[in-house]
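**Q** Give me a model of this one.
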Amino acid sequence: MDLSTRYLGLTLKNPIVPSASPLTGTADRIQELEDAGAAAVVMPSLFEEQITQESLQLDHYLAYGSESHPEALSYIPEPASFQFDPDTYLETIRKAKESVHIPVIASLNGTSPGGWMGYARLMEEAGADALELNIYYIPTDPLVSGAQVEQMYFDVLREVRQSVKIPIAVKLGPYFSAIAFMARRLAEAGANGLVFFNRFYQPDIDLEKLEVTPDLVLSTSTAMRLPLRWVAILYGRVNADFAITNGVHTHEDVLKATMAGASATQIAAELLEKGPGRIPELLAEITRWMEQHEYHSVAQLRGSMSQKNVADPGAFERANYMRVLQSWRQDPTGSLP
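**A** As a prediction, this is how the structure comes out:
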């Protein structure tokens, strides 16, 4: 059974790629994921704020102590407590590339063009096989238009594209007014792949403490419906590889994503809950299903259920909307069918 796939110009031994999470944050953990069967890993993001803060802090204290005795090292502070500082991040890439054979995809998170994006080139020099550009931006200013938001994405991508030669994937959010347009423009601006979709975590309100609190809720398989739909719609129409990163938990999810047109499926919540040992289970279940249904390769599956290859392409669009709404019926007992 040939489970291999091509993503971002890289040959992967299967479609399962652990996405950015605490499980991909150290060389030892990346090694553990490779041993379990992962085809590649996406490291946690290095944030623009971390890079900018470190630079501004160092500039401030170097200037502050410029008239003092040169041995007054206490003027330079300890760095803030992040999961990664920039130097540690680059060293983690180097160590991982020394110990594993699977592709290591670095991740850079920011929202504005600027000097911080020079770290993309440093990630490439450290050995990263590709870069995932995670533009995590929520436009809350009522004076900022959709066109301005889109242009910001294009500007950031173009600046990074000019600084590195390795493949770039852009992680998209689901809230653009014209997702198909954005996908095409990003591919034209230099994105080798698109990742559907960035998951914007929502805060909650604590009614007892009267506080706004962060609340991390892991995904379920139902969350994959939205990225599945858009990958199926765009497959074969946009010149980029696709990955689905939200709601992938079971072997059925991996198969559905591949049939829609995804070249890779990124998994985090399932591995956080069940550990890296879940990967060989998924691979065995995928292989068993493919044998039972007489598929010989992942390439044979890819795109087979995309919009351009199904008898009812309208099922992915509005034509199926009323049919779905009218599909619910209540039986005489009052229970759901």
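
**Q** use CA for all of it now, contacts and neighbours both
**A** OK.

**Q** Now S112: closest residue in space, sequence neighbours ignored.
**A** V156 (6.3 Å; Cα to Cα, 6 or more residues apart in numbering).

**Q** so where does that neighbour fall, helix or strand?
**A** Following DSSP states H and E, one finds V156 within helix 146-163.

**Q** buried set for that helix?
**A** 152-154, 156-161 (16 or more other Cα atoms under 10 Å).

**Q** for the host helix or strand of A96, packing partners?
**A** Using DSSP H and E, A96 sits in helix 86-99. Applying 3 or more Cα pairs under 8 Å, 6 or more residues apart in numbering; DSSP states H and E, we find helix 86-99 packed against helix 27-36, strand 104-109, helix 118-126.

**Q** For L90, which of those is the nearest?
**A** helix 118-126 (6.0 Å; Cα to Cα).

**Q** what's the spacing between the closest one and its chain's center?
**A** Centroid separation between helix 118-126 and its chain, computed with Cα atoms, centre = their mean, to the nearest Å, is 19 Å.

**Q** by contact count, what packs against it?
**A** Using 3+ Cα pairs under 8 Å, 6+ apart, helix 118-126 sits against helix 86-99, helix 146-163.

**Q** For those, could you give me TSV that also reports distance to P313 and mean pLDDT?
**A** Output for the helices and strands packed on helix 118-126, formatted as TSV (distance: least, Cα to Cα, whole Å; pLDDT from 0 to 100):
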stretch	distance to P313	mean pLDDT
helix 86-99	43	95
helix 146-163	28	92
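
**Q** for the ones you listed, which one sits closest to S19?
**A** helix 86-99 (15.1 Å).

**Q** list the buried ones in that closest one?
**A** 86, 89-97.

**Q** One more: stretch 254-273?
**A** So, applying 16+ other Cα under 10 Å, buried residues of stretch 254-273: 254-271.

**Q** Among those residues, which lie within helices?
**A** 254-260, 269-271 (DSSP state H).

**Q** Closest one to L46 out of those, please.
**A** A269 (19.9 Å).

**Q** my guess is the closest one meets H249, correct?
**A** Yes - using Cα atoms under 8 Å, A269 makes contact with H249 at a distance of 7.5 Å.

**Q** about what we covered before: what's the lowest-pLDDT member of the ones in helices among the buried residues of stretch 254-273?
**A** Least confident of these in the model: A269, at 92.

**Q** so who does that one touch?
**A** 218-219, 249 (Cα atoms under 8 Å, 6 or more residues apart in numbering).

**Q** change it to 10 Å
**A** 18-19, 21, 217-220, 246-249, 275 (Cα atoms under 10 Å, 6 or more residues apart in numbering).

**Q** repeat for Y7
**A** So Y7 contacts 15, 40, 167, 169, 192-193, 240-243, 262-264 (Cα under 10 Å, 6+ apart).

**Q** just the angle between the helix holding V156 and helix 118-126, please?
**A** Relative orientation of helix 146-163 and helix 118-126, computed by axes from the mean of the first three to the mean of the last three Cα atoms, to 10 degrees: 40 degrees.

**Q** the inter-axis angle of the next helix-or-strand element following helix 146-163 versus helix 146-163?
**A** Using DSSP H and E, the helix or strand that follows helix 146-163 towards the C-terminus is strand 168-172. Strand 168-172 and helix 146-163 are oriented at 160 degrees to each other (the same axes, to 10 degrees).

**Q** Please put the alpha-carbon coordinates of strand 168-172 into CSV.
**A** Output of strand 168-172 as CSV, limited to C-alpha atoms (Å, rounded to 0.1, in the frame of the first residue of the first chain):
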residue,chain,number,x,y,z
ILE,A,168,6.0,28.5,2.2
ALA,A,169,2.6,27.5,3.3
VAL,A,170,0.1,30.2,4.5
LYS,A,171,-2.3,29.3,7.2
LEU,A,172,-5.6,30.9,6.4
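
**Q** No further questions, thank you.
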